[in-house]
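Trainee: turn this into a structure:
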Amino acid sequence: MRIIKNLTIGMSLIMGSQLVAAAGSGTTLDTVNPEADRMALRSYYQSRFPDSELSDYVNGIYAVDADSRSQWEELEEFPPYEFDVEEGERLFNTPFANGKGYADCFENGGIGIRQNFPYWNKEQGTVKTLEQEINECRENNGEAPLKWGKGAIAKVSAYMAWTSRGKVFDIKIPEGDKEALAAYLDGKEFFYTKRGQLNLSCSNCHLQGSNIRIRADLAGPALGHPSHFPVFRSKWGELGTLHRRYKGCHQDSRSKPLDMQSTTFRNLEFFQTYMSNGLVVNGPGSRK
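Mentor: From the prediction side, this is the model:
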């Protein structure tokens, strides 16, 4: 049985390597096909973890590792982010000095819209994230921006994610918009490009390395990765955003991390969330 299991894992790693090779084989704006990329990623995980439901990938590593899942389910009985969601709701509903609030800045009063982010803003020619627009809302109403990564911005984002639980991601790349496609391609290339002293890419840990132990941790799958953020990590002892995790990953690989909400990190989120189209919002979440 162990031989069969090891053979299965080995074949899956070969498939992952082939997917990485295909992703980095001179893709250009004329050849990139986001929908084909998405289906290839899904097929990879379906082949590697045939007993896992696609819809369950919003639960990260807990979709593919039974032991980790049982521990997580016990934790979720008293979720560590519960008070952060309540505080996020209070902050969201606290008026700014000018009498307006977050609800005035977002469609549908900011409720049930997390699944629409990130999105391509054609007028500004850039990818816009939820946390970015939370701070823009503040600045447009005369308030100081919040610090990225944790604290109040993570709590407001977590509350907005909570109101969107169960809503399906459907990130759009406008047809014929080469700038939007270039942003997607930039995020894709960053995901598959090795960097840092350890010469690691995002895909090394979260594609081939899914459910394989890295020191004391099991790396979660890339599919569904953005769906459960912001996340309360036991390692952090608090809530943090997706870009905080991006920065931490690159520090772990001994590379110089980019700034949170930098163009490249936003493009990476755009690519990753597009890959998760069809899955639902499941944030905030809890992780080790």
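Trainee: mind listing the strands for the protein?
Mentor: 119-121, 126-128, 213-214, 217-218, 231-233, 238-240, 285-287 (DSSP state E).
Trainee: among those, which is nearest T94?
Mentor: strand 238-240 (18.0 Å; C-beta to C-beta). C-beta coordinates here come from the backbone N, C-alpha and C atoms, glycine included.
Trainee: contacts only, for R287.
Mentor: Contact analysis of R287 by C-beta atoms under 8 Å, 6 or more residues apart in numbering lists G60, I61, G220, H228, V231, F232, R233, S234.
Trainee: give the contact list for the one residue sitting closest to the centre of the chain.
Mentor: Centroid-nearest residue in the chain, with C-alpha atoms, centre = their mean: P226, separated by 2.0 Å. Shown in contact with P226 (C-beta under 8 Å, 6+ apart): L242, E269, Q272, T273, S276.
Trainee: let's see 6 Å
Mentor: P226 is in contact with L242, Q272, T273, S276, counting by C-beta atoms under 6 Å, 6 or more residues apart in numbering.
Trainee: want to throw those residues into CSV with pLDDT and neighbour count?
Mentor: Below are the contacts of P226 laid out as CSV (pLDDT from 0 to 100; neighbours: other C-beta atoms under 10 Å):
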residue, pLDDT, neighbour count
L242, 97, 28
Q272, 98, 25
T273, 98, 25
S276, 97, 23
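Trainee: thinking again about what came up before, compare the contacts of R287 and tell me which is most surrounded.
Mentor: G60 (28 neighbours; other C-beta atoms under 10 Å).
Trainee: before we move on, back to that, out of the contacts of P226, who's nearest C249?
Mentor: L242 (10.5 Å).
Trainee: who's the closest spatial neighbour of the closest one, skipping the chain neighbours?
Mentor: Closest residue to L242 apart from its sequence neighbours, by C-beta to C-beta, 6 or more residues apart in numbering: F229 at 4.2 Å.
Trainee: N267 now?
Mentor: G187 (3.8 Å).
Trainee: now for the one you found, how many residues are close by?
Mentor: When counting by other C-beta under 10 Å, one arrives at 25 neighbours for G187.
Trainee: touching, it and R266? I think so.
Mentor: No: G187 is beyond contact range of R266, at 8.1 Å (criterion: C-beta atoms under 6 Å).
Trainee: E143 reaches P95, doesn't it?
Mentor: No: using C-beta under 6 Å as the test, E143 is too far from P95 to be in contact (10.4 Å).
Trainee: of the contacts of R287, closest to L54?
Mentor: Nearest to L54 among the contacts of R287 is G60, at 13.6 Å by C-beta to C-beta.
Trainee: residue contacts, the closest one?
Mentor: G60 touches G220, counting by C-beta under 6 Å, 6+ apart.
Trainee: show residues contacting stretch 262-273.
Mentor: 118, 127, 129, 171, 183-184, 186-188, 190, 225-226, 243, 246, 258.
Trainee: report the two of these separated the most.
Mentor: Maximum distance among the contacts of stretch 262-273 (C-beta to C-beta): 21.1 Å, for I171 and L258.
Trainee: more neighbours: which of those two?
Mentor: Ranked by neighbour count (other C-beta under 10 Å), I171 and L258 place I171 first, with 24 against 16.
Trainee: roughly how far apart are that one and L223?
Mentor: Applying C-beta to C-beta, to the nearest Å, the value for I171 to L223 is 14 Å.
Trainee: hmm, back to that, how much space between the residue nearest to the centre of the chain and M275?
Mentor: 9 Å.
Trainee: what is the burial count for N108?
Mentor: If we define neighbours as other C-beta under 10 Å, then N108 has 10 of them.
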